[in-house]
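> Below: sequence and its predicted model.
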Amino acid sequence: MFSVIFPGQGSQIVGMGKEFFDKYEAVKKLFKEADELLNFSISKMILNGPKDNLDLTANTQPAIFLISYSIFKIIKEEFNINLNRAKYFAGHSLGEYSALSCAGYLDFDKTIKILRTRGNAMQNAVPKGEGGMLAVLGSKIEDIEKILKDNEKNFKAQIANDNSDGQMVLSGKNKDLEIISTYLKDNKIKNIKLPVSAPFHCSLMANATNIMREELEKIDFKKSNNKLISNVTADEILNVNDLKSLLISQIEKKVRWRESIINMINYGVNHFIEIGPGKVLTGLIKRIDKNVKTASINSQSDIEELKI
C-alpha cells in the first residue's frame, strides 16, 4: 500500500524539471500556462535562475508546485501509472497544496495562483531580516518543548516543523533565535540557522493568515475520492469542508510531518512515493522508519524504475 507525498520549500534548484520540459509538450504547456497565470516568466526562472530569485518564497512556492504537478501529470498520462490508487496524498507545508491539486480537489490554475499569494503573504508577514528559522538536530521534541517552556522569559520561539526523529525546526525573531542557538550549543544540542528569509509556521505569520483566510474563502474545493493527510492534525481529512480552516491554520501551526508518516504507516502504508524536486522527504521518512519502501521521482529514469 503506497502514499504519494510532495515536497515543500528548500527542495528547489535551478534547472529542476528541465528533462521533462525538454521532452514533453504537455509540460511545456503547463509552464506556459503558469507564466500567463502569474504574469511573469516563472518558467525562465526555474530553468535558468538566478537562484536568488528562485529562492524568494513568493517564487519558490508556485515553482515547486509546478514541477510536482508536471511530473505527476507525466506519470499518469505518458506512463499510464495510476497514482490515484494511493492510500493517501500528503505534502510538507506548500506541498500540501500540490497534494490537494494532484488528488483532484483544486485545479492547477487556482493552485498556482493561491501559492503565489501565499508566498507573498508569508514573505511580507514580518519585516525582512527580523525573523528566521533554526534547525535542531539529534533531540527529542519533548526535550525542546520543555526548554522553550522553561525559558520563555529569556527567549521565545515555536516548533515550526517536526520533521523526523531528531530533526525539527524552530521559528521566531532572529534576536531570540541567536540566544536559543547559544543556549542549545552550551547544552551540547546541535543546531543550524537556516537560509530562509522569514519565520514560517509560527504566530509571527498572523498577517499571512489573515490574507490567506480571505483568499481561501473565495475558493470552492472539488470533491474527490482520494484521501488527504493534514499537516495540522497529522491525520486524515474526513470532510472536504474542513479543508479551508485547516489550510488557514496551517500558516501558523507546526507541520506535524513525523506524526503524519507514523500515522500513515499505522494505517497500512509501507511505500512512500515523493514527487517533485529533491529527496528531502524520503530522507526524513527513512529516519522515521527505515523498513518502509521509498521512491523519489524527479527524472524520467525514476519513473521507469517505479513499481507500485
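Cool, got the structure.

> Report the backbone C-alpha coordinates of stretch 252-264 in CSV.
What follows is stretch 252-264, C-alpha atoms only, in CSV (Å, rounded to 0.1, in the frame of the first residue of the first chain):
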residue,chain,number,x,y,z
GLU,A,252,0.9,29.5,11.9
LYS,A,253,0.7,25.9,13.1
LYS,A,254,3.5,23.3,13.3
VAL,A,255,4.0,20.9,10.4
ARG,A,256,3.5,17.6,12.0
TRP,A,257,5.3,15.6,9.4
ARG,A,258,6.8,12.9,11.7
GLU,A,259,3.4,12.1,13.2
SER,A,260,1.8,12.1,9.7
ILE,A,261,4.2,9.5,8.5
ILE,A,262,3.8,7.4,11.6
ASN,A,263,0.0,7.5,11.3
MET,A,264,0.1,6.5,7.6
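
> now stretch 280-287: mean pLDDT?
Averaged across stretch 280-287, pLDDT comes to 97.

> Same question for that stretch: list its buried residues.
Residues of stretch 280-287 classed as buried: 280-282, 284-285 (neighbour count, 16 or more other C-beta atoms under 10 Å). C-beta: built from backbone N, CA, C; applies to glycine.

> and which of those residues is nearest to N241?
L281 (27.7 Å; C-beta to C-beta).

> so who does that closest one touch?
5-7, 92, 95, 257, 272, 274, 296 (C-beta atoms under 8 Å, 6 or more residues apart in numbering).

> so A34 sits right up against I67, yeah?
No: using C-beta atoms under 8 Å, A34 is not in contact with I67, being 10.3 Å away.

> Show me which of these two is the more surrounded one.
The residue with more neighbours, out of A34 and I67, is I67; 30 against 25, by other C-beta atoms under 10 Å.

> Measure how buried the closest residue to the more buried one other than its chain neighbours is and give me the count.
Leaving aside its sequence neighbours, I67 sits nearest to G17 (C-beta to C-beta, 6 or more residues apart in numbering; 4.3 Å). Residues near G17, counting by other C-beta under 10 Å, number 26.

> any idea how far G17 lies from T111?
Using C-beta to C-beta, to the nearest Å, we find G17 at a distance of 16 Å from T111.

> for the helix or strand of the chain with the lowest mean pLDDT, the distance to its chain's centre please.
Ranked by mean pLDDT, DSSP states H and E, the weakest helix or strand in the chain is helix 51-54, scoring a mean of 94. On the basis of C-alpha atoms, centre = their mean, to the nearest Å, helix 51-54 sits 18 Å off its chain's mean C-alpha point.

> on that earlier part again, kindly indicate which of the contacts of L281 lies nearest I189.
So of the contacts of L281, ranked by how close each gets to I189 (C-beta to C-beta), first place is W257, at 20.2 Å.

> Now do the contacts for that closest one.
92, 161-164, 231, 234, 281, 284.

> Could you rerun that using 7 Å?
92, 161-163, 284 (C-beta atoms under 7 Å, 6 or more residues apart in numbering).

> Name the next helix or strand downstream of the helix ranked longest in the chain, please.
Looking across the chain with DSSP state H, the single longest helix is helix 57-77. Toward the C-terminus, helix 57-77 is succeeded by strand 88-91 as the next helix or strand (DSSP states H and E).

> right, and the helix or strand after that following strand?
In N-to-C order, the element after strand 88-91 by DSSP H and E is helix 95-102.

> and the direction of that next one versus that of helix 57-77, what angle?
Relative orientation of helix 95-102 and helix 57-77, computed by axes from the mean of the first three to the mean of the last three C-alpha atoms, to 10 degrees: 40 degrees.

> Pull out the buried positions in whichever helix or strand comes after helix 95-102.
For helix 95-102, the following helix or strand on the C-terminal side (DSSP H and E) is helix 108-124. Using 16+ other C-beta under 10 Å as the test for burial, helix 108-124 gives 108, 110-123.

> now stretch 166-181
For stretch 166-181, a neighbour-count test (16+ other C-beta under 10 Å) marks 167-174, 176-177, 179-181 as buried.

> got it, and stretch 185-196?
In stretch 185-196, counting by 16+ other C-beta under 10 Å, buried: 189, 191, 194, 196.

> Among those, find me the one that's closest to A208.
The closest of those, once distances to A208 are taken by C-beta to C-beta, is V196, at 14.0 Å.
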